[in-house]
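In: could you work out the structure for the sequence below:
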Amino acid sequence: MASGTESDEASDTQEIYKDPDDGRQRFLLELEFIQCLANPTYIHYLAQNRYFEDEAFIGYLKYLQYWQRPEYTKFIMYPHCLFFLEQLQNANFRNAMAHPANKELAHRQQFYFWKNYRHNRLKHILPRPLPEPEAAPPPSAPPLQSLLPAPPVPAATIPATATAPAPALPPMQYANAPGSALAKNDARNSAVDRRKRKRIVKN
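Out: As a prediction, the model looks like this:
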């Protein structure tokens, strides 16, 4: 009789904890709740309302750690919730999230992560392009001024003749030098004067 009674109690217990929809409703509720933990403002709300002081709620957070297994993580759209779920296992983190300043700090760090995560990830994943060979510089063209004709130089800027001017004669050389044109003219004039004198004498 006792064995029959124990089997009946065990069957009743199994019927009590059996989900009518094979756990679908509980799965959806837990998935919705755990994804809410991705929001630091929601964690701050739980801390302000003293949910973290309830031992049953702390046990529930430990129970939800099965969502970190690969067969469940594929259903999660906000993976930050798993990070905060792991942090909520620490009592210091639960107490710190009751302060608004810590809530703002967590929210700000989360924003920076979203802002830079894709860039930082692609920087390490995408292959870097090979450096391109440096192209040889084109041959230098002659300056434009060498191709143009030189402008005419104005007469005012032309220097004096290249030949040096004849040096001035000293004062003693102003007399008629022998062989010069002035000496020849003087000889002719003196001959004419002598002829005139002869004619005057004859007359």
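
In: give me the pLDDT value at residue 39.
Out: According to the prediction, residue 39 has pLDDT 91.

In: and it, how far is that from residue 69?
Out: Relative to residue 69, residue 39 is positioned 23 Å away (C-beta to C-beta, to the nearest Å). In this view, the C-beta of every residue, glycine as well, is placed from N, C-alpha and C.

In: helix, strand, or coil at residue 132?
Out: Under DSSP: H, G, I helix; E, B strand; the rest coil, residue 132 falls in the coil class.

In: burial check on it, number of neighbours?
Out: Residue 132: 6 surrounding residues under other C-beta atoms under 10 Å.

In: quick one, grab the pLDDT at it.
Out: The model reports residue 132 with a pLDDT of 71.

In: next one: residue 50
Out: For residue 50, the pLDDT comes out at 92.

In: angles on the backbone of it, please.
Out: The phi and psi torsions at residue 50 (degrees, to the nearest 10) take the values phi 60, psi 30.

In: relative to residue 95, how far out is it?
Out: Using C-beta to C-beta, we find residue 50 at a distance of 11 Å from residue 95.

In: quick one, which of residue 39 and residue 69 is more surrounded?
Out: A direct count of neighbours by other C-beta under 10 Å for residue 39 and residue 69 places residue 39 higher, at 18 against 9.

In: next SSE downstream of the helix or strand hosting residue 27?
Out: Take DSSP states H and E as the rule and residue 27 turns out to sit in helix 24-36. Downstream of helix 24-36, the first helix or strand assigned by DSSP H and E is helix 40-48.

In: quick one: list the elements packing against that next one.
Out: Here helix 40-48 touches helix 100-125, going by 3 or more C-beta pairs under 8 Å, 6 or more residues apart in numbering; DSSP states H and E.

In: tell me the mean pLDDT over the helix it packs on?
Out: Helix 100-125 shows a mean pLDDT of 78.

In: ok, stretch 62-80 next?
Out: Here stretch 62-80 scores 91 as its mean pLDDT.

In: more neighbours: residue 50 and residue 95, which one.
Out: Legend: neighbour count by other C-beta under 10 Å for residue 50 and residue 95, higher for residue 95 (13 against 10).

In: dump the residue contacts of that one.
Out: Residue 95 sits next to 47, 52 when contact means C-beta atoms under 8 Å, 6 or more residues apart in numbering.

In: so which strand or helix has it?
Out: Residue 95 belongs to helix 91-96, assigned by DSSP H and E.

In: average pLDDT for that helix?
Out: Rounded mean pLDDT across helix 91-96 is 92.
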